[in-house]
Each structure stands twice: as structure tokens, then as C-alpha cells.
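> here's my sequence, what's the structure:
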Amino acid sequence: MKRIDLAILCAAVFVLPLVVGCWSNYENTVTATVTYEDGAPVPTGTVSFTKNNFETFGKIENGRVNIGNMDGGVPDGTYKIAVRAFVQKSETDFTLESIVARKFEDPETSGIVIEVQGNKSIEIVVARP
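Numbering: from 1, shown residues only. Here you go, the predicted model:
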């Protein structure tokens, strides 16, 4: 085999799968409503889905969020969920203050676990601090 043919074969076998993997599309769409226990929507923040070394997220807008839109969707699997939401204390105090109970900010303590198999619509209920 010629040296050039061998180089092309190596590139096809080793490099192509890496390149294709970088643009993979998981296709699953997960939409969620995020509310407090009293039914009021969480106005702003993020929801993250974590599984092993994979994490994806979405931005909460008036209690609604689409997960994985920014990175190609959500693969099938079981995910631990975290909800992080902060607001500025006041017009003069730029300190951020959480508007959800602290336990929901960490996927290990939130107690929320979601199974994704295909497209899914879910409800996430959190407590106020």
C-alpha cells in the first residue's frame, strides 16, 4: 500500500469518527415548566441535566425552559436535575440572591431525577429559600 493511501485510511478510521461525534445531534427535546410549590412560575434561572460526565442546560424564562437546545438535544438516560435562580437584591445592591431553596442548586441534593427516552415534557417543582 502506498504511503499516501495509508495516511488517508488512518485519517478515515481515526479522525472521521471524532469529527462526526463533535457534531452529533441527540435529537431528544425536553421541555419543562418550573414552578414553586404554590404554582407560581420561577421567573428566571437555569435548569441543568447531569449524567456521568455529560451535562446540558436550558434557560428559565417565566417558568418555562427547553433543555439541550444549545448543544444538540438530550441523549436517552437518567439525569439528576439542578435548578439555579438568582435575582439582584435591589436597584442599589448588586448582590445576587437565590430565589430557590439551596438544595435545588446541586444535582446531588435536589432529589429530582428524570428519565429521558425520546422527547419529553416535564414539571419541576422547587421550594423558595
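
> contacting residues for the residue most central in space within the chain?
The centroid of the chain falls nearest to F57 when counting by CA atoms, centre = their mean (2.2 Å). Contact analysis of F57 by CB atoms under 8 Å, 6 or more residues apart in numbering lists 46-49, 67-68, 70. Yep, even glycine has a C-beta here, placed from its N, CA and C like the rest.

> what ranges do the helices span in this protein?
3-10, 16-22 (DSSP state H).

> count of residues packed around F54?
13 (other CB atoms under 10 Å).

> now V42
With neighbours defined by other CB under 10 Å, the count for V42 comes to 25.

> how about low-confidence regions in this structure?
1-26 (pLDDT under 70).

> ok, the residue nearest to the centre of the chain to L96 distance?
Remark: distance between F57 and L96 (CB to CB, to the nearest Å) = 18 Å.

> V30 too?
26 Å.

> the more surrounded of the two?
V30 (23 against 11).

> correct me, but V87 touches T44?
Yes. Taking contacts as CB atoms under 8 Å, V87 lies within contact range of T44: 7.1 Å.

> which residues in the protein form strands?
30-36, 44-51, 54-61, 64-67, 77-84, 86-88, 96-98, 113-116, 120-126 (DSSP state E).

> okay, those strands in JSON lines with distance to P107 next?
Converted to JSON lines, the strands of the chain look like this (distance: least, CB to CB, whole Å):
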{"stretch": "strand 30-36", "distance to P107": "15"}
{"stretch": "strand 44-51", "distance to P107": "5"}
{"stretch": "strand 54-61", "distance to P107": "9"}
{"stretch": "strand 64-67", "distance to P107": "13"}
{"stretch": "strand 77-84", "distance to P107": "4"}
{"stretch": "strand 86-88", "distance to P107": "17"}
{"stretch": "strand 96-98", "distance to P107": "16"}
{"stretch": "strand 113-116", "distance to P107": "9"}
{"stretch": "strand 120-126", "distance to P107": "12"}
